[in-house]
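# no FASTA, just this:
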């Protein structure tokens, strides 16, 4: 019973981290039709910024996290405005090649600047302790991750479906020519949504630093997991990504607890079965 | 006189037959590969290890080209077939018999067998779903190989097998001369086979499926069966490459099943140009030589080079990129 609860909590936290990183990719991939394999690198940049700001510059955790997220958003926005927007109309394979190349360069740069060792983000006292929930005590960091994941899910779903910005985004995606003749600032919308996706990846990288250790190869190592979540959830579907991330996160955590010698076998078996059952994603027709 | 008589009708009919395709005989390019490879081995006798690696990688990328370039199925799990062949050949040499040619046949059979089994499942899907499922299959195989430590040696790798002499006569020497020539001959033979398959009616049908699946189905081509056969052939060739790698290195590591190997092979294929078979050989050679040069300086240095290269290939037109590459390699030597 105790193990089961541990698995559920840890799996939920792991799934939430996967979701926060994956949701940006799901939006660029599903709504903007841009295959961005450097998404893992954005998560890495966010995590590294937070680690360096808190450890080297001695900033407070609560100040460093928004700064790091903002920095990632800035990087994403700049890249989009300068280079990536020219690739929207290119073939998928070219997008894949370019963004993989970009990840490689970011990995090499990170290693040259910071070094190959694993980066830790020191937690403030409030988060390093544990919280008594009445029926049991939980590490505060896990609670923060789960809370942040829920908040991101709600905010993202609300933005895309209910706000003017979400309407602009969907209009720009469906028919960019018509949308722009109706006065929708397409370039701003595309750039802003790309930057927001990058920012969320950065946030995910920070939140998940305990579960997915930050090192230069982070960008490629976890890219596969994020792609799995996006494909199982269905591209462009935020709820689908959340469902897939939590489901796969719980499966992965359970297999680590109960059958660690099998590695990631169950994770990928589950993925293959889910994709075979619903090739377009859990929540797509 | 003989040449004249054969030439004149061609020249006379030139205006009418200008549109007819001019096909080079299928044996010409493989023979060229064989000669160039032997010349390279003779000229650089201290680089035979690198040569062997180039030949094996070229064979692997060639098999990937059948799937990606000819059939148009983007896959990131091709290393599964390579690793399957490598482990099968290694285990066979360790437990049953050390003869290299029988081991090669076992590797080919293992690769083809895995391709038959996984293809029956994978080929029901298309596009991004297919891509992700190939990743899943190769990761599942990797986990299984890690679990079966008794057979595969787990993370330590499979080693301790000694190959017998090739054809009962040629021992694998320390310099790697026999290994390099063995790999080269297998590459040339399988290149010839691949060329014949691609130019056959079967190959044309697969190309047609690549261009328009629905139209080929409407024409009566059994799409699934054609792709399944092609995937099996590609699996056999990847298995052969894996078996060669196991036999010439005398060790099989977990990295022969890894995602990185699949991704690197795809990068090589795109660098050289997909769909033309020769592109696979060129891409594998350029990439392996670059890797060898840059990685001996610093592994991250190497990542930077290949990353920049990839972005350049996309941003600058391929022709310009090739010119740049040629300048670069010319300056490096």
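Received the coordinates, thanks. These numbers were taken from a predicted model, which means no experiment stands behind them.
# contacting residues for the residue in the stretch 51-200 of chain B positioned nearest to chain A?
Nearest residue of the stretch 51-200 of chain B to chain A: residue B:143, at 3.7 Å (CB to the nearest CB). (Each C-beta comes from the backbone N, C-alpha and C, glycine too.) Residues near residue B:143 by CB atoms under 8 Å, 6 or more residues apart in numbering or on different chains: A:262, A:263, A:264, A:265, A:268.
# within reach of chain B, which of these are there?
A:262, A:263, A:264, A:265, A:268 (CB under 8 Å from any CB of the partner chain).
# show me the contacts for the second one.
What that stands for is residue A:263. Residues near residue A:263 by CB under 8 Å, 6+ apart: B:142, B:143, B:146, B:147.
# hmm, stretch A:91-107 in reach of chain B?
Yes. Using CB under 8 Å from any CB, stretch A:91-107 reaches chain B at A:93, A:94, A:97, A:98, A:100, A:101, A:102, A:103, A:104, A:105, A:106, A:107.
# roughly how far does the fourth one sit from residue A:36?
Residue A:98 sits 9 Å away from residue A:36, taking CB to CB, to the nearest Å as the criterion.
# one more: the second one?
Here residue A:94 is placed at a distance of 13 Å from residue A:36 (CB to CB).
# neighbour-wise, which of those two wins?
Applying other CB atoms under 10 Å in any protein chain shown to residue A:94 and residue A:36 shows that residue A:36 carries more neighbours, namely 29 against 17.
# ok, the more buried one touching residue A:96?
No. In this structure residue A:36 lies outside contact range of residue A:96 using CB atoms under 8 Å: 9.2 Å.
# where is the longest helix in the chain?
Looking at chain A here, since you left the chain open. For chain A, the longest helix by residue count, based on DSSP state H, is helix A:2-30.
# hm, I was asking about chain B
Longest helix of chain B, by residue count under DSSP H: helix B:223-249.
# where along the stretch 101-250 of chain B do the strands fall?
B:158-159 (DSSP state E, counting those that start in this stretch).
# output the below-cut-off pLDDT ranges for the chain.
I'll assume chain A. The model of chain A has pLDDT under 70 over residues A:134-135, A:284-285.
# wait, I meant chain B there
In chain B (pLDDT under 70), the answer is B:1-23, B:299-300, B:317-322, B:324, B:330-333.
# which parts of the stretch 101-250 of chain B sit against chain A?
That would be B:121, B:124-125, B:128-129, B:132-133, B:135-137, B:139-140, B:142-144, B:146-147, which are the residues of the stretch 101-250 of chain B within reach of chain A (CB under 8 Å from any CB).
# could you redo the last one with a cut-off of 10 Å?
Within the stretch 101-250 of chain B, the positions near chain A by CB under 10 Å from any CB of the partner chain are B:121-122, B:124-133, B:135-147, B:149, B:154.
# could you flag which of those residues are buried?
Among these, those classed as buried by 16 or more other CB atoms under 10 Å in any protein chain shown are B:122, B:125, B:128-133, B:135-143, B:145-147.
# for the longest helix of chain A, which positions count as buried?
Neighbour-count burial for helix A:2-30 [16+ other CB under 10 Å]: A:7, A:9-30.
# helices and strands around that helix, which ones?
Under the contact criterion of 3 or more CB pairs under 10 Å, 6 or more residues apart in numbering or on different chains; DSSP states H and E, helix A:2-30 touches helix A:39-55, helix A:61-82, strand A:137-139, helix A:140-162, helix A:164-174, helix A:186-207, helix A:223-233, helix A:238-258.
# list the buried residues in the fifth one.
Looking back up the chat, that one is helix A:164-174. Judged by neighbour count using 16+ other CB under 10 Å, the buried positions of helix A:164-174 are A:166, A:168, A:169, A:171, A:172, A:173.
# circling back: which of the buried ones among the residues of the stretch 101-250 of chain B next to chain A fall in helices?
If you go by DSSP H, these have B:122, B:128-133, B:135-143, B:145-147 in helices.
# let me see the contact set for the closest residue to residue B:120 other than its chain neighbours.
Leaving aside its chain neighbours, residue B:120 sits nearest to residue B:228 (6.9 Å; criterion: CB to CB, 6 or more residues apart in numbering or on different chains). Each residue near residue B:228 by CB atoms under 10 Å, 6 or more residues apart in numbering or on different chains is listed here: B:115, B:116, B:119, B:120, B:122, B:123, B:222.
# repeat that for residue B:325.
By CB under 10 Å, 6+ apart, the contact set of residue B:325 is B:271, B:286, B:290, B:309, B:312, B:313, B:318.
# give me the buried subset of those.
Applying 16+ other CB under 10 Å to the contacts of residue B:325, the neighbour count classes B:271, B:286, B:290, B:309, B:312, B:313 as buried.
# A strand includes the third one, no?
To tie it back to what came earlier, the one meant is residue B:290. No. Looking at residue B:290 with DSSP: H, G, I helix; E, B strand; the rest coil, it is helix, so not inside a strand.
# now it: how far from chain A?
To chain A, residue B:290 is 13 Å away according to CB to the nearest CB, to the nearest Å.
# what's the spacing between that residue and residue B:176?
Counting by CB to CB - residue B:290 and residue B:176 are separated by 21 Å.
# re earlier: need the overlap of contacts for residue A:94 and residue A:36.
Contacts common to residue A:94 and residue A:36, judged by CB under 10 Å, 6+ apart, are residue A:87.
# which PyMOL command selects the buried ones in the contacts of residue B:228?
Buried subset of those, written as a PyMOL selection, criterion 16+ other CB under 10 Å:
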select buried, chain B and resi 115+119+122+123
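# would you turn the contacts of residue B:228 into a markdown table with distance to residue A:80?
Below are these laid out as a markdown table (distance: CB to CB, whole Å):
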| residue | distance to residue A:80 |
| --- | --- |
| B:115 | 40 |
| B:116 | 44 |
| B:119 | 38 |
| B:120 | 41 |
| B:122 | 34 |
| B:123 | 36 |
| B:222 | 44 |
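# between the contacts of residue B:228, which is nearest residue A:70?
residue B:122 (42.2 Å; CB to CB).
# so what's that closest one up against?
So residue B:122 contacts A:272, A:276, B:73, B:75, B:77, B:115, B:129-131, B:133-134, B:136-137, B:227-228, B:231 (CB under 10 Å, 6+ apart).
# need the residues that contact stretch A:164-177.
Outside stretch A:164-177, the residues touching it (CB under 10 Å, 6+ apart) are A:27, A:30-33, A:88, A:156-161, A:163, A:178-182, A:184-190, A:192-193, A:196, A:236.
# out of the residues you listed, which end up buried?
Buried by 16+ other CB under 10 Å: A:27, A:30-32, A:156-157, A:159-160, A:179, A:184, A:186, A:189-190, A:192-193, A:196, A:236, out of these.
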